[in-house]
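Enquirer: fold the following and give me the result.
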Amino acid sequence: MPNAATSNPPMTETIDSANAAASTLFLGQNGEFWDFWLIMSLVFAAIAAIAIGVTTTGSIVSHKREAAASEEVLERYKLGTSKEIADANARTSQAQLELQRLKSWRMVDADTFKSTLAGVSPPKTIELLYVPECSDCFMLAGMLQALFNYMRWPNSFSEIKKLDPPPYDWMKAMPAVLQHRASPTGISFIAKKVGEFDDRSATASLILAIGKAVKGLNLQWSGDELMPDGVVRVVVAPKL
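Expert: Next comes the predicted model:
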């Protein structure tokens, strides 16, 4: 019994030491364990902070660049659209001017007409015809007749009509202007022989005078053996 009593104190000290060591632990781990993971946590936090900074910067820069690219594309589109609109407006203006030119009446520059025919001997007579369906044919033919009268060139003035009978049966269905061997547009000159249109003839001078005095005309001339000698037929038809 005395021996058993003397062995109890060391056992008690061991238990007390174990209890003391256990009281220093947290979740069963000592300070070194937690120090290690504290450092690792700080490293992970730093990495996460860097990742957040990089991704945030990347997002901001990317969106800015995308916005700049979109704005550049929009500006190019605006420039392209503006050019297309400007071109379309220019074409529209040109078309309006052309339409206005086509609608405007043809006028005769009297001074140019008279100076071109100064000193030229007139033909035997001028048969002046106009297409009645045309908006300015009567007026243009009338101005030419007034100039012929001023220059004392013999002439006749009338509305063009179908020939009855026409020179040839196959001409019956043709419009009056074609029956008279004239063009359906512009001004036509018809004489008995094409040779009468050489540079020395009154007919050639007449064609030159009208061509210079009336701008934008379609002038045509031809020969017709059925025409009387010394007669020049002038047919005033529409512009187009």
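Enquirer: what residues are up against the nearest residue to residue 237 once chain neighbours are set aside?
Expert: With Cβ to Cβ, 6 or more residues apart in numbering as the criterion, residue 237 has its nearest non-adjacent residue at 4.9 Å, and that residue is residue 131. Using the backbone N, CA and C atoms, a C-beta is placed for each residue, glycine as well. Going by Cβ atoms under 8 Å, 6 or more residues apart in numbering, residue 131 touches 137, 160, 176-177, 235-238.
Enquirer: most surrounded residue in the residues you listed?
Expert: Within those, residue 236 tops the neighbour count with 28 neighbours, counted by other Cβ atoms under 10 Å.
Enquirer: and the pLDDT at the residue nearest to residue 237?
Expert: In this model, residue 131 is scored at 94, pLDDT.
Enquirer: just the element for residue 185, please.
Expert: For residue 185, there is no host helix or strand (DSSP states H and E).
Enquirer: the chain: helices as residue ranges?
Expert: 2-23, 31-103, 110-117, 137-150, 176-179, 202-213 (DSSP state H).
Enquirer: make CSV from these and add mean pLDDT to it.
Expert: Below are the helices of the chain laid out as CSV (pLDDT from 0 to 100):
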stretch, mean pLDDT
helix 2-23, 54
helix 31-103, 82
helix 110-117, 94
helix 137-150, 94
helix 176-179, 91
helix 202-213, 91
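Enquirer: export those to a markdown table and tack on distance to residue 231?
Expert: Shown next, in a markdown table, are the helices of the chain (distance: least, Cβ to Cβ, whole Å):
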| stretch | distance to residue 231 |
| --- | --- |
| helix 2-23 | 143 |
| helix 31-103 | 32 |
| helix 110-117 | 17 |
| helix 137-150 | 14 |
| helix 176-179 | 16 |
| helix 202-213 | 10 |
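Enquirer: out of the ones you listed, nearest to residue 191?
Expert: Closest approach to residue 191 among the helices of the chain (Cβ to Cβ): helix 202-213, 5.5 Å.
Enquirer: pull out the buried residues from the closest one.
Expert: 202-207, 209-210, 213 (16 or more other Cβ atoms under 10 Å).
Enquirer: next, count neighbours for the closest residue to residue 31 other than its chain neighbours.
Expert: The shortest distance from residue 31 to any non-neighbouring residue, by Cβ to Cβ, 6+ apart, is to residue 24 (7.5 Å). Close neighbours of residue 24, defined as other Cβ under 10 Å, add up to 8.
Enquirer: right, and residue 24 touches residue 32 too?
Expert: No - applying Cβ atoms under 8 Å as the test, residue 24 and residue 32 come out as separate, 11.3 Å apart.
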